[in-house]
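[1] dropping the sequence and predicted coords here.
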Amino acid sequence: MRASAYINLYENMLSGKAIKPKELMQLYENQFAKEKEELNLRLITGYTSDIFWRLILPTERERLAPFLEDILWQDMQQDTVANKKKILFKTYQNVALSQAALDTLYAMWKTEKAPKGVILTEDDYTALALTLALKNYPDTNILQQQVTRINNPDRKARLEFLMPALSSDSTVRDAFFASLKEQKNRQKEAWVTMALDYLHHPLRASTSQKYLKQSLDLLEEIQRTGDIFFPGTWLQSSFGAYQSPAAATIVRTFLQKRPNYNPKLKAKILQAADPLFRAEKLVYGK
């Protein structure tokens, strides 16, 4: 019953009914410590992260971050169930923006010492390194150091593939995106979609929005050369994190100029852009 309520509230919020994004985020935050079901906690922390990154203004996000970080950290320390503690920690890692929170994460990564009661694997420490690089932590060698820690050749190669997408240098990111226009660089489709998630993260939206039109231009080729599911994941990873009217306009303009566009691909574009259109309306009233 609680899960149903959490989901209904989220769906109503997306439709602009009954409750606003910030109000719903606060309601979910108040449930972190009270929620005893692991699946429910995973659900509401996921919704909280989504609202935090997509459905409030960037200025509000910066203002609210320290409060959300504190709630997650305190609830994580007080919970006694290992899986729930890890869910709260991963959410803390996801939303961390303040220097204090980033310093805490960096110390964990540097020493490979997790919070009490939380078990972190090699993949978790790699994700931590990626988070720190995304958020421009001053230690610019984090990813290179993480590569040396990884023993599995495939995981090492995956991180090396992702590194240009995480670069703090926009010209390096530009070159990485340009490389995806060649089919040979899209062979590892799961790696590509993960790279796009980082490339188009809300913290990089101002410099990555220019890739959106090119991403749409490539869609027909991606359908011809990739797996049956790749066009959908390509679009979701490209457009899923945006909220601005400018990004929404790129989608609308692309489709308006192509009235005879492939109907199946048009449907995939509209599906992937639906979160963007909803965010545009909720955040900017468009």
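    Looks like it arrived, so ask away. Just so we're clear, the structure is a prediction, and the values are computed from it rather than from any experiment.

[2] for whichever strand or helix holds K86, what is the distance to the chain centroid?
    Taking DSSP states H and E as the definition, K86 sits inside helix 82-95. Remark: helix 82-95 is offset 15 Å from the chain centroid, using CA atoms, centre = their mean, to the nearest Å.

[3] any idea of the mean pLDDT for it?
    For helix 82-95, mean pLDDT rounds to 98.

[4] what's it packed up against?
    Using 3 or more CB pairs under 8 Å, 6 or more residues apart in numbering; DSSP states H and E, the elements in contact with helix 82-95 are helix 38-54, helix 58-78, helix 122-134. (C-beta placed from N, C-alpha, C; glycine too.)

[5] switch the cut-off to 7 Å
    helix 38-54, helix 58-78 (3 or more CB pairs under 7 Å, 6 or more residues apart in numbering; DSSP states H and E).

[6] name the residues that touch the shortest one?
    Just to be clear, that refers to helix 38-54. With contact meaning CB atoms under 7 Å, 6 or more residues apart in numbering, helix 38-54 is reached by 2-3, 6, 10, 21, 24-25, 28-29, 31-32, 35, 61, 68, 83-84, 87-88, 91, 94-95, 202, 241, 243, 275, 279.

[7] ok, now the longest one?
    Residues from elsewhere that reach helix 58-78, judged by CB under 7 Å, 6+ apart: 29, 32-33, 52, 85, 88-89, 91-92, 95-98, 101, 115.

[8] I'd like the average pLDDT over it.
    Here the average pLDDT along helix 58-78 is 97.

[9] what's the answer for stretch 201-220, then?
    pLDDT averaged over stretch 201-220 gives 97.

[10] switch to numbering from 894
    Will do, 894 is the new start, and the previous item becomes stretch 1094-1113.

[11] can you point out the buried residues in that stretch?
    Residues 1094-1098, 1101, 1104-1105, 1108-1109, 1111-1112 are the ones in stretch 1094-1113 that count as buried (16 or more other CB atoms under 10 Å).

[12] one more: stretch 1017-1035?
    Along stretch 1017-1035, these residues count as buried under the neighbour rule (16+ other CB under 10 Å): 1017-1028, 1030, 1035.

[13] from the chain's centre, how far out does that stretch sit?
    15 Å.

[14] swap in stretch 991-1010?
    The chain centroid and the centroid of stretch 991-1010 are separated by 20 Å under CA atoms, centre = their mean.

[15] cool, stretch 1016-1028 as well?
    Here the centre of stretch 1016-1028 is set off from its chain's centre by 12 Å, with CA atoms, centre = their mean.

[16] roughly how far does K927 sit from L920?
    Noted for K927: a distance of 11 Å to L920, by CB to CB, to the nearest Å.

[17] repeat for T1146
    37 Å.

[18] try T941
    Distance from T941 to L920, by CB to CB: 10 Å.

[19] can you check A896 too?
    From A896 over to L920 the distance is 14 Å, taken as CB to CB.

[20] same check, this time on R1145
    Distance from R1145 to L920, by CB to CB: 33 Å.

[21] which of these two has more neighbours?
    L920 (17 against 12; other CB atoms under 10 Å).

[22] what about the closest residue to that one other than its chain neighbours, how many neighbours?
    Closest residue to L920 apart from its sequence neighbours, by CB to CB, 6 or more residues apart in numbering: L902 at 7.1 Å. By other CB under 10 Å, 19 other residues sit near L902.
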